[in-house]
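Colleague: Structure here, sequence nowhere to be found:
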């Protein structure tokens, strides 16, 4: 499971669909509707929030918005709940974590989608997923390197 910190606009079609599915699973985990993945380290940053299900729902909403821009038909009804529209509450993500993930994504795209790799390879200022706010810091300990 990878819950990307980078903006979903950087993902290729395969990555965006995988992110949607994996985050739907994460939503079920945070709502207590599944037995698996309960202790997945990437969910810790959502669990640390006042209402984890609302944060993961807002994360899903941004994926849904990106899918709509691309003409995909993701089922919005699968988003159980989210933060109120216009909410400015964000989860912190370390700058080095964001950079690490972006390099990881570039490596994936270099192998499976040369067009998408070319589209993002010259990116200098990496945008985070809208639910995150970038702060100084290093790569997370849970990251497998």
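Modeller: Great, that's in hand. Predicted, not measured: the structure shown is a model, and the values here were computed from it.

Colleague: At which residues are the helices of the chain located?
Modeller: 13-30, 44-47, 52-69, 95-112, 114-120 (DSSP state H).

Colleague: which one is residue 40 nearest to, not counting chain neighbours?
Modeller: Spatially, and ignoring its direct neighbours in sequence, residue 40 is nearest to residue 1 (5.7 Å; CB to CB, 6 or more residues apart in numbering). Any C-beta I mention is one placed from the backbone N, CA and C, and that applies to glycine too.

Colleague: show me the contacts for that neighbour.
Modeller: By CB atoms under 8 Å, 6 or more residues apart in numbering, the contact set of residue 1 is 22, 25, 26, 37, 40, 42.

Colleague: now it: how far from residue 45?
Modeller: The gap separating residue 1 from residue 45 is 13 Å, by CB to CB, to the nearest Å.

Colleague: And residue 98, by the same measure?
Modeller: The gap separating residue 98 from residue 45 is 13 Å, by CB to CB.

Colleague: Between the two, point out the one with more neighbours.
Modeller: Between residue 98 and residue 45, counted using other CB atoms under 10 Å, residue 98 has the larger neighbour count: 23 against 20.

Colleague: Would you mind confirming that the more buried one is in contact with residue 123?
Modeller: No: using CB atoms under 8 Å, residue 98 is not in contact with residue 123; the gap is 11.4 Å.

Colleague: Now the common contact residues for these two.
Modeller: When CB under 8 Å, 6+ apart defines a contact, no residue borders residue 98 and residue 123 alike.

Colleague: low-confidence ranges in this structure?
Modeller: Scanning the chain for pLDDT under 70 picks out nothing.

Colleague: Could you check how far stretch 25-39 is from the centre of its chain?
Modeller: Computed by CA atoms, centre = their mean, to the nearest Å, the separation of stretch 25-39 from the middle of its chain amounts to 16 Å.
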